[in-house]
Each structure stands twice: as structure tokens, then as C-alpha cells.
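Chemist: Generate a structure from the sequence data that follows.
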Amino acid sequence: MNKMLIAAAASSVLFLAGCASGPSDASSAKIDELSNQVSQLSQDVQALKSESMSAREEAARANERIDNIAQSYTK
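Modeler: Residues are numbered from 1 along each chain as shown. Next comes the predicted model:
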């Protein structure tokens, strides 16, 4: 019984030691690649938000000019 317990304990220690190792080079490279993609996508989203705000401001100015033109005809 003791030999079996010792064998089970030894195998569990070896199993846990294998699981405790850090990520491999391939997975580290993949993580870095995904991080770079997330960073690029974040920059793209920021650029689109900026363009959207510019388009809204331009539309507001155009609407204001149209309103001014319409008011000049009604006076």
C-alpha cells in the first residue's frame, strides 16, 4: 500500500511539474502576434472614431449653411 501511495505521489508531482512550465516559444510568438493585431485594431477604431466625428461636424456645418440659405429666402 505504501509503495502504491509513493508511486501515486511521485507521478502526481511529475504531472504537476509538467503543467507548471511556462509557455513555449511558439505560443509566446502567437501571443505577441495577437497582441500586435489587437493594438493595430485599436488604432484603426480610434481613426474611424476621429473620421466619424469630423464627418458629424462637417454635416452640422452644412446643415447650418442650408438653414441660413433657407432663412434668407423667407425674409
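Chemist: How many residues are close by Ile66?
Modeler: Ile66 is flanked by 10 other residues according to other Cβ atoms under 10 Å. Heads up, the C-betas are built off the backbone N, CA and C, glycines and all.
Chemist: Check it and give its pLDDT.
Modeler: Looking at Ile66, its pLDDT is 92.
Chemist: Next: Lys49.
Modeler: For Lys49, pLDDT reads 95.
Chemist: Now for it, how many residues are close by?
Modeler: Neighbours of Lys49 using other Cβ under 10 Å come to 10.
Chemist: Next, work out how far apart it and Ala55 are.
Modeler: 11 Å (Cβ to Cβ, to the nearest Å).
Chemist: Also Ile6?
Modeler: Applying Cβ to Cβ, the value for Ile6 to Ala55 is 72 Å.
Chemist: can you check Asp44 too?
Modeler: 16 Å.
Chemist: from the middle of its chain, how far away would the lengthiest helix in the chain be?
Modeler: If you go by DSSP state H, the chain has its longest helix at helix 25-74. When C-alpha coordinates are averaged (Cα atoms, centre = their mean, to the nearest Å), helix 25-74 and its chain have centres 17 Å apart.
Chemist: Run through the protein and note the low-pLDDT ranges.
Modeler: 1, 13-14, 16-23, 74-75 (pLDDT under 70).
Chemist: swap the cut-off to 90 and go again
Modeler: 1-28, 67-75 (pLDDT under 90).
Chemist: Go ahead and flag the most central residue of it.
Modeler: For the chain, Val38 is the residue whose C-alpha lies nearest the centre (Cα atoms, centre = their mean; 4.1 Å).
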